[in-house]
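Engineer: prediction below, plus the sequence it came from.
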Amino acid sequence: MNAKQLAGEKAVEHVKDGMLLGLGTGSTVYWSILKLGDLVKKGLNIKGVPTSTNTEKLAINLGIPLVSLSSINQLDLTIDGADEANRNFELIKGGGGALLREKMVASISRRFITVIDDTKMVTDLGEFPLPVEIIQFGWELTLKQVSELGSKPKLRMDNNAPFITDNGNYILDCYFGKIQDANGLKNTLNMIPGVVENGLFVNMADTIIIGNKNGSVSTLYK
Ligand SMILES: O=C[C@H](O)[C@H](O)[C@H](O)COP(=O)(O)O
């Protein structure tokens, strides 16, 4: 079993019958969703809110009942991946471009479990370029304003065209170097008018489940 699968499947042990779940996006939480699909077939009663069209399709194929974000006020638990995590439980997310819906879902979750492999646990965030979702209108201006904060933003491409998120927006991948004040940077970025949201998740994750190369799994609680 690979490290991502170990972490992804372990997280499902925290799921209880009757829960309303946030379903994250990516190749690690994929394993959680697969496992949930198995359990649903065996009678587990859960409902999920997907964080991307990819996750929505996967959940529908597996027979996991879904509800819309607008129809609920609170989720019991969200399980989602991350691109980097530190010991303060701060995360960089959005490598797959799903950060906006992921953050909306996380914001109404009573518990948030992050599932990662051991290469993603870091001392300082920032080696992974921070994804920032921006609107298409005037994107060059927004890129300039983000670069003035001390980063080197690059417009994310998909083959030869700009990558488009599920929300019809662009993504800037931004190298800030070591991020010392994740909360400050998160708030400053979101004050730029063309920025919709960024991939810094602060005060959201309460549990980090790490799949290790040697086949073990570590769980960190805040
Ligand atoms: O936009 C994508 C999400 O934030 C993912 O959860 C994150 O990129 C981690 O994905 P993966 O588990 O595939 O490395």
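Structural biologist: Perfect, thanks for sending it.
Engineer: give the contact list for the residue nearest to the spatial centre of the chain.
Structural biologist: Using CA atoms, centre = their mean, the residue of the chain that lies closest to the mean C-alpha position is Lys93, 4.7 Å off. For Lys93, the contact set (CB atoms under 8 Å, 6 or more residues apart in numbering) comprises 80-83, 99, 102-103, 131, 199, 201. C-beta here means a position set from N, CA and C on the backbone, and glycine is covered the same way.
Engineer: filter the residues you listed down to the ones near the ligand?
Structural biologist: Among these, the ones lying near the ligand by CB under 6 Å from any ligand atom are 80-83, 99, 102.
Engineer: mind checking the end-to-end distance for stretch 106-125?
Structural biologist: 20 Å (CA to CA, to the nearest Å).
Engineer: return the distance of it from the chain's centre.
Structural biologist: Centroid separation for stretch 106-125 versus its chain: 8 Å, with CA atoms, centre = their mean, to the nearest Å.
Engineer: go through that stretch and flag the buried ones.
Structural biologist: Neighbour counts over stretch 106-125 (16 or more other CB atoms under 10 Å) mark 106, 109, 111-118, 120-122, 125 as buried.
Engineer: select the longest helix from the chain.
Structural biologist: helix 29-41 (DSSP state H).
Engineer: can you dump the C-alpha atoms of that one in CSV for me?
Structural biologist: Output of helix 29-41 as CSV, limited to C-alpha atoms (Å, rounded to 0.1, in the frame of the first residue of the first chain):
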residue,chain,number,x,y,z
VAL,A,29,-8.3,11.8,-0.4
TYR,A,30,-9.2,9.7,-3.4
TRP,A,31,-8.4,6.7,-1.2
SER,A,32,-10.7,7.9,1.5
ILE,A,33,-13.5,8.4,-1.0
LEU,A,34,-13.0,4.9,-2.4
LYS,A,35,-13.1,3.4,1.0
LEU,A,36,-16.3,5.4,1.8
GLY,A,37,-17.8,4.1,-1.4
ASP,A,38,-17.2,0.5,-0.1
LEU,A,39,-18.7,1.2,3.3
VAL,A,40,-21.7,2.9,1.7
LYS,A,41,-22.3,-0.3,-0.3
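Engineer: ok, back up a step: can you put the buried residues of stretch 106-125 in a markdown table and add pLDDT, secondary structure and distance to Thr55?
Structural biologist: Output for the buried residues of stretch 106-125, formatted as a markdown table (pLDDT from 0 to 100; DSSP: H, G, I helix; E, B strand; the rest coil; distance: CB to CB, whole Å):
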| residue | pLDDT | secondary structure | distance to Thr55 |
| --- | --- | --- | --- |
| Ala106 | 98 | helix | 14 |
| Ser109 | 98 | strand | 15 |
| Arg111 | 98 | strand | 18 |
| Phe112 | 98 | strand | 16 |
| Ile113 | 98 | strand | 15 |
| Thr114 | 98 | strand | 15 |
| Val115 | 98 | strand | 14 |
| Ile116 | 98 | strand | 17 |
| Asp117 | 98 | strand | 19 |
| Asp118 | 98 | helix | 24 |
| Lys120 | 98 | helix | 19 |
| Met121 | 98 | strand | 24 |
| Val122 | 98 | coil | 25 |
| Leu125 | 98 | strand | 24 |
